[in-house]
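In: need the 3D shape of this:
(chains A, B and C)
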Amino acid sequence: MSLTAIGLGLIIIGAGYGISRLAGSALESMARQPEISSKIQTAMIIAAALIEGVALFAIVVALMKG
Amino acid sequence: MRHIKQILLLIAIFFSLSTTYASDEHASESEEVFDPLVMIDHHIADSHEWHVISFTKSNGEEVHISMPLPVIVFYNGHLNIFMSSAFHHGEKVVKKGDDYFKLYHEKIYVTDEAGTIHYDEDHNVLNEKPWDFSITKNVGSMFLSAVLLLLLFIGAARRYGSEPKAPKGLQSFLEPLILFVRDDIGIAQIGKEKYERYMPYLLTVFFFIWINNLIGLVPFFPGGSNLTGNISVTMFLAIVTFLITNINGTKSYWGHIFWMPGVPVPIRILLSGIEFIGILTKPFALMIRLMANITAGHIIILSLFSLIFVMKSVAIAPVSILMSLMMFMLELLVAALQAYIFTLLSALFIGMAVHEEEH
Amino acid sequence: MGLLTPDPGLVFWTAITFGILVILLRKFAWKPILHALRTREETIEFSLAAAAKAKAEIEDLNVEKEKILIAAKDERDSLIKEARELKQNIVDDARNKAQEEADKIIVSARQQIEREKSDAIQEMKRQVAELSVNIAGKLLEQELESTDKQKAIIERYLQEVNFN
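Out: Predicted coordinates:
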């Protein structure tokens, strides 16, 4: 149980780091090129959804264990 | 204005169906330790009765008012329909024909006359379960959302005559939302040629998820149900997206999955396996994402409120309430955001599937 | 685990509700709304195009008007100029003619005077001759008696006659 919990925590940290990097870069490029910000936003949401997918697996495992 | 009256009438009908019962708990027993996990579990799970309000009388008697809901169970080739009040909150066994049904932890089990529940060593119930098609709290909440959606959008649609006019009232609130779904989700992800075919689904799913997320955030009857945080609902919606995506998949879509052009043959075989799993993980992620986000929101808000009772202190209340208020604000954003993301990703998957090869 | 177990009953009711919702909303809401929105967009686009066209036409008309105005001004100016010239011509002509006429009249008057004068001189000469003849006659009558006297008289008379 405790090992699983640590693993889940690591997954969440990884996903959080990934999404924060993604959002930071996306905001930077949006500031640099505001004219294509809508395209960047869509791409950001899609990439965020993919990263979130990993975190969701952690949630699934957590809910199954719980 | 007329619509508001209709909604109020609807709510009044719900209330008139409610029954009042006094619980057996008395002042001495209500001193028991408050367990937030039980309260939260009870809240996010489905229920066979719709809890309206609870209060404690001056003599210490707790009064729960809830609305009984119809139970529809199918077992042994018989369809049995009765009101959930017949269970007396799990205390009584209901006899229908030769079968006995008992409500145990909000699930209906087939039992013997005495209502015995058998467990295995992990405390899992071994009793047989009938097919349960009951109108539960979630189903009722979904019906309410469907009625609201029909009233809102058919009402708005009636304002559009044959002559183009400037929008007003409800219409001017809903129109930008519809345009947003059409332009930023439909046209942007699927393309100008093919988007029209998928608009009814995208619009319905967007507003269905959104309104149910919002109803779930209403902290009193008839809100507060955790419908979009229930895996059955998100699973159905994800399956619909999965079906639409794969039924409408073009040759190039399937080509890219099973025989990726422009890569060596061994990698093609490897990739086809990965891509095939990808077909399934995409809707799976859709299903889990919505359910986890909404359930997590409910859990966090309820946990923050539970702080007051866990700490048994009024002093913590302002902090708790402030934090819950902030979470409510965040959840209002999440309600719209998750509806948007579900619709956007559905549109993206459909757009990838119907995309025609240009070269 | 309970959270991840789908409930067949709820799936069933979701399918029914969502299916009915899609069908009803598609027929009574999405189709009319999307249709109306498209019609409105097309109308707005068409109206904007028509407005732009009308504006361009007005612009054209203004340019045309400006052109016509300038042309009219030019024409007016040239007309005025012409009229002025014409007037000058007429006045000049009239003056010249008058001058000519006056000159003619003067010339003819001078000729007349000249003629009259010579006529008068002619007449005088004639009369002088006649007078002379008469005097001669009278003298002849008188002096035929005395030759001396006759000679004296002729002398006197001839002295008296002054040819001016």
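
In: and stretch A:23-37, does that touch chain B?
Out: No. Counting by Cβ under 8 Å from any Cβ of the partner chain, chain B is not contacted by stretch A:23-37; separation bottoms out at 12.4 Å. In short, each C-beta sits where N, CA and C put it, glycine included.

In: helix/strand/coil for A:A15?
Out: Of the three states, A:A15 takes helix under DSSP: H, G, I helix; E, B strand; the rest coil.

In: residues contacting the residue nearest to it when sequence neighbours are not counted?
Out: Leaving out its chain neighbours, the residue that sits closest to A:A15 by Cβ to Cβ, 6 or more residues apart in numbering or on different chains is A:A55, at 3.6 Å. With contact taken as Cβ atoms under 8 Å, 6 or more residues apart in numbering or on different chains, A:A55 is in contact with A:I11, A:I12, A:A15, A:G16.

In: quick check: A:A55 vs chain C, distance?
Out: Distance of A:A55 to chain C, given as Cβ to the nearest Cβ, to the nearest Å: 16 Å.

In: what's the answer for B:F342, then?
Out: To chain C, B:F342 is 13 Å away according to Cβ to the nearest Cβ.

In: do B:I247 as well
Out: With Cβ to the nearest Cβ as the criterion, B:I247 and chain C are 15 Å apart.

In: mind checking how far that residue is from B:L152?
Out: To B:L152, B:I247 is 30 Å away according to Cβ to Cβ, to the nearest Å.

In: if you count contacts, what does the helix or strand encompassing C:V133 end up packed against?
Out: Secondary structure from DSSP states H and E places C:V133 in helix C:31-143. On a contact count with 3 or more Cβ pairs under 8 Å, 6 or more residues apart in numbering or on different chains; DSSP states H and E, helix C:31-143 meets helix B:137-158, helix B:170-180, helix C:147-160.

In: is the second one up against chain A anywhere?
Out: Just to be clear, that refers to helix B:170-180. No. Under the criterion of Cβ under 8 Å from any Cβ, helix B:170-180 makes no contact with chain A; the nearest approach is 11.8 Å.

In: where does the prediction get shaky in the chain?
Out: Defaulting to chain A. A:1, A:65-66 (pLDDT under 70).

In: try again with chain C
Out: Of all residues in chain C, those with pLDDT under 70 make up the ranges C:1, C:142-144, C:150, C:163-164.

In: for stretch B:176-189, the distance to its chain's centre please.
Out: Relative to the centre of its chain, stretch B:176-189 is centred 24 Å away, using Cα atoms, centre = their mean, to the nearest Å.

In: so for it, what gets flagged as buried?
Out: Using 16 or more other Cβ atoms under 10 Å in any protein chain shown as the test for burial, stretch B:176-189 gives B:I178, B:V181, B:R182, B:D184, B:I185, B:G186, B:I187, B:A188, B:Q189.

In: the residue of chain A found nearest chain C: how many residues sit nearby?
Out: When scored by Cβ to the nearest Cβ, chain A has A:L63 as its residue closest to chain C, at 5.0 Å. A:L63 is flanked by 17 other residues according to other Cβ atoms under 10 Å in any protein chain shown.

In: what's the answer for B:I244, then?
Out: For B:I244, the count of nearby residues is 19 (other Cβ under 10 Å).

In: and it, helix, strand or coil?
Out: Put simply, B:I244 is helix when judged by three-state DSSP.

In: run the chain-centre distance for the strand or helix carrying B:I53.
Out: Secondary structure assigned from DSSP H and E places B:I53 in strand B:49-56. On the basis of Cα atoms, centre = their mean, the separation between the geometric centre of strand B:49-56 and that of its chain is 20 Å.

In: close to chain C, is it?
Out: No. Applying Cβ under 8 Å from any Cβ, one finds strand B:49-56 out of contact with chain C, separated by at least 14.6 Å.

In: could you export that strand as CSV, CA atoms only?
Out: The C-alpha coordinates for strand B:49-56 follow below in CSV (Å, rounded to 0.1, in the frame of the first residue of the first chain):
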residue,chain,number,x,y,z
GLU,B,49,-34.0,8.2,-2.6
TRP,B,50,-33.5,11.8,-3.1
HIS,B,51,-32.5,13.5,0.1
VAL,B,52,-34.2,16.9,0.4
ILE,B,53,-33.4,18.3,3.8
SER,B,54,-32.4,17.2,7.3
PHE,B,55,-32.9,19.1,10.6
THR,B,56,-33.0,18.4,14.3
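
In: who's in contact with that strand?
Out: With contact meaning Cβ under 8 Å, 6+ apart, strand B:49-56 is reached by B:14-15, B:18, B:30, B:62-69, B:84-85, B:89, B:137, B:140, B:220-222.

In: and it, what's buried?
Out: For strand B:49-56, burial by neighbour count (16+ other Cβ under 10 Å) applies to B:E49, B:W50, B:H51, B:V52.

In: in those, find the pair that's most separated.
Out: Pairwise distances across the buried residues of strand B:49-56 (Cβ to Cβ) peak at 9.4 Å, for the pair B:E49 and B:V52.

In: packing partners of the longest helix along chain B?
Out: Ranked by number of residues, the top helix in chain B under DSSP state H is helix B:265-311. The contact analysis (3+ Cβ pairs under 8 Å, 6+ apart) places helix B:265-311 against helix A:37-65, helix B:36-44, helix B:199-217, helix B:231-247, helix B:251-258, helix B:317-354.

In: ends of stretch B:86-96, how far apart?
Out: The first and final residues of stretch B:86-96 sit 11 Å from each other (Cα to Cα, to the nearest Å).

In: and it, does that touch chain C?
Out: No. On the criterion Cβ under 8 Å from any Cβ, stretch B:86-96 is out of touch with chain C, staying 15.7 Å away.

In: buried stuff in that stretch?
Out: Residues of stretch B:86-96 classed as buried: B:F87, B:V93, B:V94, B:K96 (neighbour count, 16+ other Cβ under 10 Å).

In: tell me, what residue is most central in chain A?
Out: Residue closest to the average C-alpha location in chain A (Cα atoms, centre = their mean): A:I19, at 3.6 Å.

In: can you pull the contacts of A:A23?
Out: Shown in contact with A:A23 (Cβ under 8 Å, 6+ apart): A:M44, A:A48.

In: let's verify it: helix, strand, or coil?
Out: Assigned by three-state DSSP, the conformation of A:A23 is helix.

In: is it true that B:A292 touches A:F57?
Out: No. Using Cβ atoms under 8 Å, B:A292 is not in contact with A:F57; the gap is 10.4 Å.

In: thinking again about what came up before, correct me if wrong: the residue of chain A closest to chain C contacts B:I299.
Out: No. Using Cβ under 8 Å, A:L63 is not in contact with B:I299; the gap is 11.0 Å.

In: that older thread, any chance of the buried residues of stretch B:176-189 in a markdown table, plus secondary structure, distance to B:T111 and pLDDT?
Out: Shown next, in a markdown table, are the buried residues of stretch B:176-189 (DSSP: H, G, I helix; E, B strand; the rest coil; distance: Cβ to Cβ, whole Å; pLDDT from 0 to 100):
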| residue | secondary structure | distance to B:T111 | pLDDT |
| --- | --- | --- | --- |
| B:I178 | helix | 50 | 93 |
| B:V181 | helix | 48 | 94 |
| B:R182 | helix | 53 | 94 |
| B:D184 | helix | 53 | 89 |
| B:I185 | helix | 49 | 91 |
| B:G186 | helix | 51 | 92 |
| B:I187 | helix | 56 | 92 |
| B:A188 | helix | 55 | 88 |
| B:Q189 | helix | 51 | 88 |
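
In: of those residues, which pair is most distant in space?
Out: B:I178 and B:Q189 (16.0 Å).

In: out of the contacts of A:A55, which are buried?
Out: Among those, those buried by neighbour count (16+ other Cβ under 10 Å) are A:I11, A:A15.

In: quick check: the farthest pair among the contacts of A:A55?
Out: Farthest pair in the contacts of A:A55 (Cβ to Cβ) is A:I11 and A:G16. Separation: 9.5 Å.

In: circling back: check which element follows the strand holding B:I53 along the chain.
Out: Counting by DSSP H and E, the element after strand B:49-56 in chain order, helix or strand, is strand B:62-68.
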